[in-house]
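Asker: What follows is a predicted structure for the sequence shown.
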Amino acid sequence: MIPLRDTIPSKRFPIVNYALIGLCTWAFLLELAAGPQLEDLITVYGLVPARFMALQDRLGVFAPDVYLPFLTSIFLHGGWAHFLGNMLYLWIFGDNVEDRLGHLGYLVFYLAGGIFAGLGHLMMNPGSILPTIGASGAIAAVMGAYVLLYPSSRVMTLVVFFFWIEIVAVPAVVYLLFWFVLQLASGTLALTTTGPAQGGVAWWAHAGGFIFGFLVVILLRLRRPPSRKAH
């Protein structure tokens, strides 16, 4: 199932959402151009839980450099499928959330969602030595907010089953909650993995980001549409 678009048009130009897609694209092009230095780039700017824990112990909790990967990691991707998939989801759902939060509010929300997602991954995989990269956690926060802000929306989805190809309008609530449950199930299964392979896919970053977006909408009481002034 491949999402194509949602059925809620945005009311304002989503400049921040497009800027985030642009930054991710620029970072991905840098990765493609890195050549033999790509592994070093990923190691330095990706989030490595075991390294974070070690640096925090050595440099202290107030050392800024220790926390930098929580931000830089959300603009890097592990390949074309990873990059294109994330940008597709951000393009579909991000513009509407920016509509409701405003440009600055959306930017803060997106970055905070990425950081919270990284913390979720760190808590569940503190000993992982694998670099974690990708915008999935931040985008999951967008999706968590979307499911509450636009419960009546539908996601136009391309369904391919052998020779049967159809575009189906799936309720956004069903689509996104199914995605969230899948992350929880995969993350729980991944807890049985130990050793260097632990934390290979940041399932708990995805789940943590989704929960963050969900809670922000509830705590800020954003489910009601903006009130309109009478003339």
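Answerer: Yep, it's here.
Asker: same for the worst-scoring helix or strand of the chain on mean pLDDT, what does it pack against?
Answerer: Of all the helices and strands that make up the chain, the one with the lowest confidence by mean pLDDT, DSSP states H and E is helix 64-67; it has a mean of 84. Secondary structure elements in contact with helix 64-67, counted by 3 or more CB pairs under 8 Å, 6 or more residues apart in numbering; DSSP states H and E, are helix 49-59. Just so you know, the C-beta spots here come from the backbone N, C-alpha and C atoms, and that holds for glycine as well.
Asker: Show the average pLDDT along the helix it packs on.
Answerer: Per-residue pLDDT values over helix 49-59 give a mean of 87.
Asker: what residues does the least confident helix or strand of the chain touch?
Answerer: 52, 55-56, 59 (CB atoms under 8 Å, 6 or more residues apart in numbering).
Asker: Report the buried residues of it.
Answerer: Of the residues in helix 64-67, those scored as buried under the neighbour-count criterion (16 or more other CB atoms under 10 Å) are 66-67.
Asker: can you give me the strands for this protein?
Answerer: Secondary structure of the chain (DSSP state E): strands at 2-6, 154-161, 164-171.
Asker: Tabulate the ones you listed in JSON lines, adding columns for distance to Trp80.
Answerer: Written out in JSON lines, the entries for the strands of the chain read as follows (distance: least, CB to CB, whole Å):
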{"stretch": "strand 2-6", "distance to Trp80": "15"}
{"stretch": "strand 154-161", "distance to Trp80": "18"}
{"stretch": "strand 164-171", "distance to Trp80": "22"}
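Asker: on that earlier part again, among the contacts of helix 64-67, which two are most distant?
Answerer: Largest separation among the contacts of helix 64-67 by CB to CB: Phe52 and Leu59, giving 10.5 Å.
Asker: I am finished for the moment; much appreciated.
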